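Peer 1: I would like to see how this sequence folds:
(2 chains)
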2 protein chains.
Amino acid sequence: MSADTPSPETSEDVKANEAIAPSSKLAHFPADEPLELDSGVKLGPWQIAYETYGELNADKSNAIVICHALTGDQYVASTNPVTGKPGWWELMVGPGRPVDTDHYFVICANVLGGCLGTTGPATMNPQTGVPYGLDLPVITIRDMVRAQARLVDYLGIDTLFAVMGGSMGGMQVLQWAVSYPERVFAAVPIAAAARHTSQNIAFHEVGRQAIMADPNWRQGTYIQEGVRPTKGLAVARMAAHVTYMSDESLHQKFGRNLQDRDNLTFGFDADFQIESYLRHQGMTFVDRFDANSYLYVTRAMDYFDLADQFDGALPLAFAGTNTRFCVMSFTSDWLFPTSESRQVVKALNAAAANVSFVEIESDRGHDSFLLDVPEMFETIRGFLTGAARARGVPAPGGEA
Amino acid sequence: MSADTPSPETSEDVKANEAIAPSSKLAHFPADEPLELDSGVKLGPWQIAYETYGELNADKSNAIVICHALTGDQYVASTNPVTGKPGWWELMVGPGRPVDTDHYFVICANVLGGCLGTTGPATMNPQTGVPYGLDLPVITIRDMVRAQARLVDYLGIDTLFAVMGGSMGGMQVLQWAVSYPERVFAAVPIAAAARHTSQNIAFHEVGRQAIMADPNWRQGTYIQEGVRPTKGLAVARMAAHVTYMSDESLHQKFGRNLQDRDNLTFGFDADFQIESYLRHQGMTFVDRFDANSYLYVTRAMDYFDLADQFDGALPLAFAGTNTRFCVMSFTSDWLFPTSESRQVVKALNAAAANVSFVEIESDRGHDSFLLDVPEMFETIRGFLTGAARARGVPAPGGEA
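Peer 2: Numbers count the residues shown, from 1 in each chain, chains lettered A, B, ... in the order given. Sure, this is the predicted structure:
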């Protein structure tokens, strides 16, 4: 596969996004190099914003694509310029980390439909001169992966050493391995699933309805109307955030502890610490995320059903694969429970794939993949090192 | 305890509520017979709307109080006049049912803070001439039970044969047994807990924030302003409804089935059946429930912590009790999981109380207590029959 020629970054949508993602690299594809979406639409011009860490080696064999989750971004191991906070996976990615950037070349791109530089609903629609809003076609996980594959082409890389990610990132990992099996040497889907369950869809629908109920949403045209559906988006975030934690972690972190007071106030202020925590989560989220992007990205997750791409037979998705898989789940994750990862593992086994599966003990729920869970780090360090040796990539701690 | 003299029902708040609950009986208490609330406020005048089923026997020994859940009402076994739907527990209560109204006298009252005839935030505040809104003091579960005890006084009943209820109803059952141990012969808390957990509070807070985010909420003054925060209330209901079902029941009922279509629409309409189901739940809920009541009643649940009434020692709550308990939970209930019921049972055991505990196999989540779960019915029929014999009440199927 040859790299596309980088195009000059001068179109309207680039300008519209520069303010949002000032530090990101951008791969821009003009109208005659569109992205063909599952909806049937050919999207173009379009662009993808990304960060890289480490150096690509001479034979281009050490590249790892990291796929971010629903509200993640490309700043996996560097400061997010919008929030000023450290990268979301700095415990995992960096010099000496499990994904050791002294040895691996890491690529992380903002997803299609996102709001941090990649084409999304806030991007200027060149046909109308205003942001796409709901005129952007609905995006799928496969579309996100198609966009990343185009980026990998653009970077001149044929086969990735690994693709990794948690939650929606893990969905993308699975899709990568299915859509481009010959381009993925190793795959690490964490806290993920081959489909979004009815309960998952339900929670997302609550969030979308909260956004759409906000009168400032205005059928998605709020940017050009100079308003923002921040209240609805904050409620959506709060509803989702509860699902990312376990009952146990909420109990340990907050219990029924009161907020800055010795007694109940007999009012509707935040009496309990969990209430002020959630309100804070909602309020800070709206500063870094676009409401329409939230609609699009949740929709992409809802639509995800890998088996459905193969007439309902998940093992067929992996037929003949040579990719090595390390599937990982967490005991207290009730949003993407171990049973969903087991479905993936069963299908991989049925396809005689090379797969290891680890259910990691953690009481911190779905968010465990983002947290300091040593067993996860050790497992990934070991898996990548073993895979590097198998591929002949210089690995941390030894020669290939 | 002597019954209060029924007062003439002519005050403003009665008139305000008659339209809402046309068929209910009302016990009205004038300003000089106030209800003393946990907040310290003396609420008066106040009233409680209730339904009864069956006949009170001569020695008044066959009365059962049924406590309803968050969005329940007094129409436990008769048609709800607002919705036109059958009573919410007709499978449980009625002639020949487990709570056999051929033998027991059943009382079910709308909770304090509710919106179907009992004093709540939609009731006219006699001091201002407009509905209370947020001027109503925050209500607790203990306040709800205090109000019911006043109703039981009013009906001339000293000791209840039983108090029963699920979810928030079960919280009231526990509070009844703790506040009035000598007045409760048997107690059946179902799918309940001695406290609201951090996760429970979190989900409620999401719902409250959804209501308060609706510009039609207007700090709770929407009634006099002629608007209604229906969108926010619908989102609150949707968020809560997901927690009432299990992942398994959602999977069985909806899975990823599409709505009236063979294919995904690549849009934001309700593609999946679970989406249209949830939207329907939200839309119909706003026709029968008041948004401010939703704030008050969820707050009451959040405040509930029985141990906290006894310096953190739950067994002290039940010290010396002679009440017989039948505690019940459901395997797939993740909102009020079996572990919470076990805490109650442990405390009852530590207090040497008479307690039986049944965890019922059901894959239908928290809502199981409202559904056709034969093992629940058999258990309750058996428990009540045994308790009736122990108390000398003529019981179904045999003499006392």
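Peer 1: ok, residues contacting the biggest helix by length in chain A?
Peer 2: Counting residues, the longest helix found in chain A (DSSP state H) is helix A:374-391. Taking contacts as Cβ atoms under 8 Å, 6 or more residues apart in numbering or on different chains, the residues outside helix A:374-391 that touch it are A:61-62, A:64, A:91-92, A:97-100, A:103-104, A:161-162, A:164, A:185-186, A:188, A:190, A:324, A:326, A:328, A:356, A:358, A:360-362, A:368-369, A:394-398, A:400. Every residue, glycine included, has its C-beta placed from N, CA and C.
Peer 1: And stretch A:212-224, by the same measure?
Peer 2: The contact list for stretch A:212-224, computed with Cβ under 8 Å, 6+ apart, reads A:121-122, A:130-131, A:133-134, A:211, A:225, A:227-233, A:291-292, A:295, B:210, B:213-215, B:231-232, B:234-235, B:268.
Peer 1: For A:Phe29, give me the backbone phi and psi.
Peer 2: A:Phe29 has phi and psi values of phi -120, psi 120 when expressed as degrees, to the nearest 10.
Peer 1: Tell me how many other residues crowd it.
Peer 2: Taking other Cβ atoms under 10 Å in any protein chain shown as the criterion, the count of residues near A:Phe29 is 23.
Peer 1: A:Asp73 contacts A:Gly120, correct?
Peer 2: No: counting by Cβ atoms under 8 Å, A:Asp73 does not reach A:Gly120; the two are 11.7 Å apart.
Peer 1: Pull up the overlap in contacts between those two.
Peer 2: Residues touching both A:Asp73 and A:Gly120 (Cβ under 8 Å, 6+ apart) are A:Gly114.
Peer 1: if we can go back for a sec, which of the contacts of helix A:374-391 are buried, as a ChimeraX select command?
Peer 2: Of these, the buried ones can be selected in ChimeraX as follows, counting by 16 or more other Cβ atoms under 10 Å in any protein chain shown:
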select /A:61,62,64,91,92,97,98,99,100,103,104,161,162,164,185,186,188,190,324,326,328,356,358,360,362,368,369,395,396
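Peer 1: which residues does A:Asp290 contact?
Peer 2: Under the criterion of Cβ under 8 Å, 6+ apart, the contact list for A:Asp290 reads A:Cys115, A:Gly120, A:Pro121, A:Ala122.
Peer 1: distance of the last one from A:Gly113?
Peer 2: If you measure A:Ala122 against A:Gly113 using Cβ to Cβ, to the nearest Å, the figure is 10 Å.
Peer 1: Can you give me the neighbour number for A:Lys85?
Peer 2: As a burial measure, the neighbour count of A:Lys85 was computed by other Cβ under 10 Å and equals 13.
Peer 1: Nearest spatial neighbour of it, chain-adjacent residues omitted?
Peer 2: Nearest in space to A:Lys85, with sequence neighbours left out and distances taken as Cβ to Cβ, 6 or more residues apart in numbering or on different chains, is A:Thr79 at 6.9 Å.
Peer 1: Is the one helix or strand A:Asp302 maps to positioned near chain B?
Peer 2: A:Asp302 is part of helix A:291-303 when elements are defined by DSSP states H and E. Yes: where contact is defined by Cβ under 8 Å from any Cβ of the partner chain, part of helix A:291-303 touches chain B, namely A:Leu295, A:Arg299, A:Asp302, A:Tyr303.
Peer 1: hmm, back to that, okay, and which of the contacts of stretch A:212-224 map to helices?
Peer 2: Secondary structure assignment by DSSP H places A:211, A:230-233, A:291-292, A:295, B:210, B:213, B:231-232, B:234-235 of the contacts of stretch A:212-224 in helices.
Peer 1: So which of the residues you listed wins on neighbours?
Peer 2: The residue in these with the most neighbours, by other Cβ under 10 Å, is B:Ala210 (36 neighbours).
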